[in-house]
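A.B. asks: this one's sequence-less:
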């Protein structure tokens, strides 16, 4: 695991901390860390972007790619974001990735248990298409 993206286990949750800024200079490393963290056997991965104050399209792409990978490994993603929360809402990612304002909320939410059926990729595709000009 990448030192700059600490991953810790908190009960049934794995939590990965994101940097203050995610842009084209570090999005590849962010993406690699997220893909590694969303591995088989991890039921719930919380992406903690509570410290993130800037996230460009490369960073959003890294999160979306991690979501799609997580679907294949059976991992549910949860996203903690404050400053960059709106970016994920605008593209429709909040329709398939639960968004939280605090890490405590994400860890405590029993209502968003990992999905066992359906095609969770459909909602994200619709949201992403809706946000394109």
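C.D. replies: On my side now, so go ahead. Source: prediction; values computed, not measured.
A.B. asks: Can you list the low-confidence ranges for the chain?
C.D. replies: Within the chain, the set of residues satisfying pLDDT under 70 comprises 1-3, 111-133.
A.B. asks: For it, which segments are assigned as helices?
C.D. replies: Listed in chain order, the helices of the chain (DSSP state H) span 27-37, 57-73, 85-90, 103-108, 121-131.
A.B. asks: Summarise which helices and strands the fourth one is packed against.
C.D. replies: Using 3 or more CB pairs under 8 Å, 6 or more residues apart in numbering; DSSP states H and E as the contact test, the elements touching helix 103-108 are strand 13-17, strand 44-49, strand 76-81. Heads up, the C-betas are built off the backbone N, CA and C, glycines and all.
A.B. asks: what's near enough to touch residue 30?
C.D. replies: 5, 18, 19, 22, 59, 62 (CB atoms under 8 Å, 6 or more residues apart in numbering).
A.B. asks: tally of neighbours for the nearest residue to the first one once chain neighbours are set aside?
C.D. replies: So that's residue 5. Leaving aside its sequence neighbours, residue 5 sits nearest to residue 33 (CB to CB, 6 or more residues apart in numbering; 3.9 Å). Number of residues near residue 33 (other CB atoms under 10 Å) recorded here: 24.
A.B. asks: And residue 33, how far from residue 95?
C.D. replies: 24 Å (CB to CB, to the nearest Å).
A.B. asks: ok so, going back, now the helices of the chain in CSV, please, with extra columns for distance to residue 13.
C.D. replies: Below are these laid out as CSV (distance: least, CB to CB, whole Å):
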stretch, distance to residue 13
helix 27-37, 11
helix 57-73, 13
helix 85-90, 19
helix 103-108, 6
helix 121-131, 21
